[in-house]
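# sequence first, predicted coordinates after that:
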Amino acid sequence: MASRTMPLHKIPPRVRTLDDRTAVIGLFDAYAGLLTARQQLLVRMYYHEDLSLGEIAGRLRVSRQAVFDGLRRATTEMRHLEARLRVLAGHRRNGRSRTTAAVRLDAVEHEAARLAAAGADTAPLLRALRALREIV
């Protein structure tokens with residue numbers, strides 16, 4: 001009788017650093033609605049309320065292993081979603097674009113002030129710059 005062995009599943013490394021925890025919280029903010037209610041509860045208790053696996057297990061009356069497995073599934077699912085949908089990457093890219101736009105807008109406003117001091121009529125330009133500033 002041949003013995004069947006199950007292939008080892010690739011288990012993601014445990015979240016250990018503050019940066020890792022922050023990354024999971026960011027993923028949760030973006031994808032919480034796509035997790036089950038149970039996964040949402042586990043992630044909130046572990047990452048937001050900073051409860052240990054044992055504390056969560058005691059409150060939910062399940063084993064620590066069940067809590068660990070639920071958290072692992074939730075974080076793995078959120079990472080897979082981000083790899084496919086790139087929601088957080090888009091937010092970061094938009095944030096950098098806004099910062100770059102704000103810096104360039106500052107330079108244009110400075111130049112407009114210099115032209116106004118030299119006597120040029122910059123009123124229409126300044127109105128346009130104020131409108132852009134509100135957007136950025």
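Cool, the structure landed. Residues are numbered from 1 along each chain as shown.
# dump the residue contacts of residue 133.
Each residue near residue 133 by C-beta atoms under 8 Å, 6 or more residues apart in numbering is listed here: 105, 109. Glycine gets a C-beta too; all of them are placed from N, C-alpha and C.
# show me where the protein has helices.
Along the chain, counting by DSSP state H, helices occupy 18-31, 37-43, 53-60, 64-85, 87-117, 123-135.
# mean pLDDT for these - can I get that in JSON lines?
Output for the helices of the chain, formatted as JSON lines (pLDDT from 0 to 100):
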{"stretch": "helix 18-31", "mean pLDDT": "88"}
{"stretch": "helix 37-43", "mean pLDDT": "97"}
{"stretch": "helix 53-60", "mean pLDDT": "96"}
{"stretch": "helix 64-85", "mean pLDDT": "93"}
{"stretch": "helix 87-117", "mean pLDDT": "74"}
{"stretch": "helix 123-135", "mean pLDDT": "75"}
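# ok, the residue lying closest to residue 125 once chain neighbours are set aside - how many residues close by?
Nearest non-adjacent residue to residue 125, counting by C-beta to C-beta, 6 or more residues apart in numbering: residue 112, 5.3 Å away. By other C-beta atoms under 10 Å, 17 other residues sit near residue 112.
# OK, contacts around residue 112?
Residues in contact with residue 112 (C-beta under 8 Å, 6+ apart) are 122, 125, 126, 129.
# tell me the one among these nearest to residue 55.
Using C-beta to C-beta, residue 129 comes nearest to residue 55 of these, at 54.0 Å.
# spatially nearest residue to that closest one, not counting backbone neighbours?
With sequence-adjacent residues excluded and distances taken as C-beta to C-beta, 6+ apart, residue 129 is closest to residue 109, at 5.4 Å.
# do residue 44 as well
Computed as C-beta to C-beta, 6+ apart, the closest residue to residue 44 that is not its neighbour in sequence is residue 28, at 7.9 Å.
# repeat for residue 48
The shortest distance from residue 48 to any non-neighbouring residue, by C-beta to C-beta, 6+ apart, is to residue 25 (7.1 Å).
# just want the most central residue of the chain.
Averaging the C-alpha coordinates of the chain gives a centre point, and the residue nearest to it by C-alpha atoms, centre = their mean is residue 26 (3.0 Å).
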